[in-house]
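[1] Sequence and predicted model, in that order:
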Amino acid sequence: MTRATDLTTRALDAPAIREALGHFASGVTVITTLTPAGQPVGTTASAVCSVSLDPPLILVCLDRASETLAALRQHQAFAINVLAEEQQSLSTNFARRGAASSWEQVKHRIGPGGVPWLDDVLATLDCRLEECVTAGDHEIVIGSLTELELATGAPLLHFRSAYAGLRP
């Protein structure tokens, strides 16, 4: 096993923490739901994790100021859309705040749980909201999995503040 030899100790400030956590490769998802007016809304998220298989629970961490989080709390349902390697533009689109993200040209349909499912993604996990837990400037959203759809292909990854791919 190769170890890094030029380690440095840094202060625990936001840039250093962000850089350190950027060394953890993560998958890229778009969390989608509907506003109270029935409009689709979504945000890019990489903090997604399985919590339990029995019952099937999944968590996602969303910024407390997120419009998607506010809509999700109202609608009580959301979808986790796992992006494929070639879907960087979707991730970039939904990483924009609020109305700056656009649903124009985004192919999607309403899934069985009544929330938008993005087309051509690797997986879509339809969830019913179970609980939100405040954690600093984010909320940990726990959802109960109600439906899923799977495809084949390579995932879009995020590593060291950049997109990367993985060939299965």
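    Everything's here; your move.
[2] Please list all residues in contact with the spatially most central residue of the chain.
    In the chain, the centroid-proximal residue (Cα atoms, centre = their mean) is A45; its distance is 2.7 Å. Residues in contact with A45 (Cβ atoms under 8 Å, 6 or more residues apart in numbering) are T29, V30, I31, V60, C61, L62, I80. Where C-beta positions appear, they are placed from N, C-alpha and C, glycine not excepted.
[3] and if you look at S26?
    By Cβ under 8 Å, 6+ apart, the contact list for S26 reads S46, A47, V48, L157, H158, F159.
[4] Give me the local confidence score for it.
    On the pLDDT scale, S26 is placed at 78.
[5] The contacts of S26: which two are farthest apart?
    Maximum pairwise distance in the contacts of S26, criterion Cβ to Cβ, is 15.5 Å, between V48 and F159.
[6] Please say which of those two ends up with more neighbours.
    Neighbour count, other Cβ atoms under 10 Å: between V48 and F159, V48 has more, with 18 against 14.
[7] contacting residues for the more buried one?
    Contacts of V48 were listed using Cβ under 8 Å, 6+ apart, and they are S26, G27, T29, I58, L59, V60, C61, I80.
[8] how about the nearest residue to A65, chain neighbours excluded?
    Nearest residue to A65, sequence neighbours excluded (Cβ to Cβ, 6 or more residues apart in numbering): D137, at 7.9 Å.
[9] try L122
    Among residues not flanking L122 along the chain, V82 sits closest, at 4.5 Å (Cβ to Cβ, 6+ apart).
[10] can I get the contacts of S26 in a markdown table with pLDDT and distance to S91?
    Formatted as a markdown table, the contacts of S26 follow (pLDDT from 0 to 100; distance: Cβ to Cβ, whole Å):
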| residue | pLDDT | distance to S91 |
| --- | --- | --- |
| S46 | 91 | 9 |
| A47 | 92 | 14 |
| V48 | 96 | 13 |
| L157 | 89 | 10 |
| H158 | 85 | 8 |
| F159 | 79 | 13 |
